[in-house]
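Undergrad: the sequence and its predicted three-dimensional model are supplied below.
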2 protein chains.
Amino acid sequence: MATIYEVSELAGVSLATVSRVMNNSGKVAAATRKRVEDAMRELGYRPNSIAQSLASHRSNCVGVLVSELHGPIFGALLGTIESELRHAGKFAIFSVGHNEAERERQGIEFLASRNCDALILHVEALPTEYFLENTPELLPFVLINRDDPPLLDNCIRLNNEQGGYLATRSLLELGHRRIGYISGPVGWGDADARIAGHRRALREFGVAFEDRLFVEGNYQWRSGELGTRRLLEIEPNLTAVVCANDEMAAASIRVIRDAGLGVPEDLSVIGFDNVRWSSYLEPQLTTIDYPADQLGCMAARWVLRNVYGDTGVEVQQDFEPRLVRRASSGPPRGTAASKTPLSLGGAAAPA
Amino acid sequence: MATIYEVSELAGVSLATVSRVMNNSGKVAAATRKRVEDAMRELGYRPNSIAQSLASHRSNCVGVLVSELHGPIFGALLGTIESELRHAGKFAIFSVGHNEAERERQGIEFLASRNCDALILHVEALPTEYFLENTPELLPFVLINRDDPPLLDNCIRLNNEQGGYLATRSLLELGHRRIGYISGPVGWGDADARIAGHRRALREFGVAFEDRLFVEGNYQWRSGELGTRRLLEIEPNLTAVVCANDEMAAASIRVIRDAGLGVPEDLSVIGFDNVRWSSYLEPQLTTIDYPADQLGCMAARWVLRNVYGDTGVEVQQDFEPRLVRRASSGPPRGTAASKTPLSLGGAAAPA
DNA sequence: GTCTAGAATGAAAACGGTTACATCCACTTC
DNA sequence: GAAGTGGATGTAACCGTTTTCATTCTAGAC
């Protein structure tokens, strides 16, 4: 591989000039520039990015840590991150945290040891304190899907509370009153926020939150399955189930139908995330859209702007969720609404 | 950040000795080693991996190019690749090809420009010739899910032909004779292989391959939808549809049910890939397992072994597919088999 | 014709490691 | 006691860039 030395020799200029041509830095006479460019072309020269990094203290690498790689959320996330970064000539290097504080910490160390210029983190387990304590020596970082007050500038977030609210409200508006809730792991930021939203909606409609209608899940199929079974046993009059993500909602639908009940005729089910396959289900899943691609895109731009100084990109750090109405939710059996959709007003939110 | 100079000074040894301690290369007296290690600890020293790369001509980075990032296959693929590489202290840096030759080429260039030590490629569009022509100057590379005879040593592959065969045979064995096939993009290696397997199964059962029962799809929902509609129009006696992947199969099921028909009572549907959500569908999808995680793991190991010289890892380059029988396929309506599974023999393969 | 500002270019010192080779020294061995 | 041996360590070149600072050159002002 040709080096900058050979280029400078062939072009009859110094190293510095070649470097200037490459980086468009400093002044170079048009004729000289052409000589250098011709030489580069002739030699098939490609700068050694490792050497560039060493000399410039810029690795042009952004570390990306996600909690898992399977799952549609992370695909969308990584997809836009890569595309946005690559567009700017930056490299994405990734690592997985597996939702465990220790492994997340290790992942961060690992990425840092590669001299990344910045970190894009999608972590659940590491507490806010970790970042506060380590901020000084830590690389610049941006957190996806977190909402830590002291670190607000570093967060790209979806309003999960509002998402939980929208989900439950949409059911309340349809006339449901006995609504089960299967949550994510209590203690995780997004899970807690969604629960809070659920409670707010109940409160707004004057429906008491009942512990028995609440089941803690872990975002996985199995917990959606068990949770739904339990709800069905405990509360025969249940008319709807809100699940904190689509996977648990899919499980919920399965259990309900296996029990010989119809969705949404007997029970409505609503999910959260709007993963691609949520519309493949039968019935198609009503859910809350989680704009993973946009969050990823914005995380990448945050880095571009705050670390690489590209002031040309717009960064949006807050996103509002959106209800995606599909077939898995409907009015409860026997209500006026269930027969004439137009009468919905009768079950709508109080003022 | 402390450098090796400071460590060497504090420990009272030369740079070379510090380097030897770090890399466990060469001989170092136990007492000296301890002095160096103490110094490193005291200074909180972390080697600068960029400098290491420059000096050692090893970046410890493996470039991973996949065709897309969303989709469950790639998540599983990347997950095991990352985990296997990280275990060995190597970094994974990734890029996306979007199934277009030009973008795949660019992706490779991009990764190469970062001085990766090797490339793990999941590409569809680039032709075999590209690799043959560029092999000399190309980085060491391993191809996932390709079967290019001249490059067999560089391929980690699933026997797609056998997968296609198993899918169709399973239907033939159940008694189906009028079987539609919705393929992937003709010309792509895996799509063609699956088609070939389908034809082999038909041949084996003495069933003629009919052009009208074949629809070229593109692995996406929409083509599964359109393909199934067309098949239903064209052939009222159709009893089964084989789809070259699960996404198209999901679409197929939807269309069939929307037409008022039952799966599998009226039509059986079978997919390919065994993505996670294939068991979330109703009915649960019969499919061919695509062990993406294992392929990814082996690709990573191939690199560890052939590029980093780790002879301790076992590498398996060939994988056989496996039929996953679930609820979306069954005997055709009106056959003996549809009533008494035990009579399957009557419709089974000849000798 | 001299002076000067500014444009164009070059020289050389980083950047933080690895590694080939030289050196030193304590032990064997005969 | 001389020579050989091999372990432990040091010296210094090198990896391929960037970047600061100095230098040269040119053209316009007076």
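TA: Nice, I can see it. Numbering: from 1, shown residues only, chains lettered A, B, ... in the order given.
Undergrad: least trustworthy helix or strand in chain A by mean pLDDT?
TA: Lowest mean confidence among the helices and strands of chain A (mean pLDDT, DSSP states H and E): helix A:336-339, at a mean of 49.
Undergrad: OK, contacts around A:Ser19?
TA: A:4, A:25 (CB atoms under 8 Å, 6 or more residues apart in numbering or on different chains). No exception for glycine: its C-beta is placed from N, CA and C like everyone else's.
Undergrad: how near is it to B:Ala201?
TA: Shown here: A:Ser19 relative to B:Ala201, a distance of 62 Å by CB to CB, to the nearest Å.
Undergrad: ok, the closest residue to A:Val307 other than its chain neighbours to DNA strand D distance?
TA: Spatial nearest neighbour of A:Val307, excluding adjacent residues (CB to CB, 6 or more residues apart in numbering or on different chains): A:Ala118 at 4.4 Å. Applying CB to the nearest atom of the strand, to the nearest Å, the value for A:Ala118 to DNA strand D is 17 Å.
Undergrad: in terms of helices and strands, where is the residue of the stretch 101-250 of chain A found nearest chain B?
TA: The minimum distance from the stretch 101-250 of chain A to chain B, using CB to the nearest CB, falls at A:Ala250 (4.1 Å). A:Ala250 belongs to helix A:246-258 when assigned by DSSP states H and E.
Undergrad: ok, residues contacting the helix or strand that that helix is followed by?
TA: Using DSSP H and E, the helix or strand that follows helix A:246-258 in sequence is strand A:268-270. Residues outside strand A:268-270 that contact it (CB under 8 Å, 6+ apart) are A:167, A:170-171, A:174, A:176, A:239-243, A:249, A:252-253, A:256, A:263, A:285-288, A:328-330, A:332.
Undergrad: which of those fall in strands?
TA: Among the contacts of strand A:268-270, the members falling in strands are A:240-243, A:287-288 (criterion: DSSP state E).
Undergrad: as JSON lines, these with distance to DNA strand D, pLDDT and neighbour count would be great.
TA: Supplementary listing: the ones in strands among the contacts of strand A:268-270 in JSON lines, determined by distance: CB to the nearest atom of the strand, whole Å; pLDDT from 0 to 100; neighbours: other CB atoms under 10 Å in any protein chain shown:
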{"residue": "A:Ala240", "distance to DNA strand D": "60", "pLDDT": "98", "neighbour count": "29"}
{"residue": "A:Val241", "distance to DNA strand D": "57", "pLDDT": "98", "neighbour count": "32"}
{"residue": "A:Val242", "distance to DNA strand D": "53", "pLDDT": "98", "neighbour count": "31"}
{"residue": "A:Cys243", "distance to DNA strand D": "51", "pLDDT": "98", "neighbour count": "33"}
{"residue": "A:Thr287", "distance to DNA strand D": "48", "pLDDT": "98", "neighbour count": "30"}
{"residue": "A:Ile288", "distance to DNA strand D": "46", "pLDDT": "98", "neighbour count": "28"}
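Undergrad: ok, the spatially closest residue to A:Arg35 that is not a sequence neighbour - how many residues close by?
TA: Using CB to CB, 6+ apart and skipping residues adjacent in sequence, the residue nearest A:Arg35 is A:Ala11, 4.6 Å away. When counting by other CB atoms under 10 Å in any protein chain shown, one arrives at 22 neighbours for A:Ala11.
Undergrad: how about A:Asp258?
TA: Around A:Asp258 there are 12 other residues, counting by other CB under 10 Å.
Undergrad: check A:Arg203 too.
TA: A:Arg203 has 11 neighbours, counted by other CB under 10 Å.
Undergrad: what's downstream of whichever strand or helix holds it, the next helix or strand?
TA: Taking DSSP H and E as the definition, one finds A:Arg203 inside helix A:189-204. Using DSSP H and E, the helix or strand that directly follows helix A:189-204 along the chain is strand A:214-216.
Undergrad: buried residues, the helix or strand following that next one. List them.
TA: Proceeding N to C from strand A:214-216, the next assigned helix or strand is helix A:221-234, under DSSP H and E. Under the neighbour-count criterion of 16 or more other CB atoms under 10 Å in any protein chain shown, helix A:221-234 has A:221, A:223-229, A:231-232 buried.
Undergrad: for helix A:221-234, name the packing helices and strands.
TA: Judged by 3 or more CB pairs under 8 Å, 6 or more residues apart in numbering or on different chains; DSSP states H and E, helix A:221-234 is in contact with strand A:179-183, strand A:214-216, strand A:240-243, helix A:246-258.
Undergrad: let's see it at 6 Å
TA: Applying 3 or more CB pairs under 6 Å, 6 or more residues apart in numbering or on different chains; DSSP states H and E, one finds that helix A:221-234 makes contact with strand A:179-183, helix A:246-258.
Undergrad: what's the average pLDDT for the helix holding A:Ala250?
TA: Helix A:246-258 carries an average pLDDT of 97.
Undergrad: restrict that helix to CA atoms and write it as CSV.
TA: Output of helix A:246-258 as CSV, limited to C-alpha atoms (Å, rounded to 0.1, in the frame of the first residue of the first chain):
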residue,chain,number,x,y,z
ASP,A,246,-45.3,-6.2,21.6
GLU,A,247,-43.7,-9.5,22.4
MET,A,248,-45.7,-9.9,25.6
ALA,A,249,-48.8,-8.7,23.8
ALA,A,250,-48.3,-11.4,21.1
ALA,A,251,-48.1,-14.0,23.9
SER,A,252,-51.1,-12.5,25.5
ILE,A,253,-53.2,-12.8,22.4
ARG,A,254,-52.1,-16.4,22.0
VAL,A,255,-53.2,-17.3,25.6
ILE,A,256,-56.5,-15.5,25.3
ARG,A,257,-57.4,-17.3,22.0
ASP,A,258,-56.2,-20.6,23.4
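Undergrad: and it, how far out from the chain's middle?
TA: From the chain centre to the centre of helix A:246-258 is a distance of 23 Å (CA atoms, centre = their mean, to the nearest Å).
Undergrad: how close does A:Asn99 sit to DNA strand C?
TA: A:Asn99 is 32 Å from DNA strand C, by CB to the nearest atom of the strand.
Undergrad: for that residue, which three-state class applies?
TA: coil (DSSP: H, G, I helix; E, B strand; the rest coil).
Undergrad: for it, which non-adjacent residue is closest in space?
TA: Nearest one to A:Asn99, counting by CB to CB, 6+ apart, is A:Ser67 at 4.7 Å.
Undergrad: need the three-state assignment for A:Glu102.
TA: Following three-state DSSP, we place A:Glu102 in the helix state.
Undergrad: how about the contacts made by it?
TA: Contacts for A:Glu102 were tallied using CB atoms under 6 Å, 6 or more residues apart in numbering or on different chains; there are none.
Undergrad: for the residue nearest the centre of chain A, which non-adjacent residue is spatially closest?
TA: When CA atoms, centre = their mean is applied to chain A, the residue found nearest the centroid is A:Ala292 (4.1 Å). Once flanking residues are discounted, A:Ala292 sits nearest to A:Ala76: 4.0 Å by CB to CB, 6+ apart.
Undergrad: done for today, thanks.
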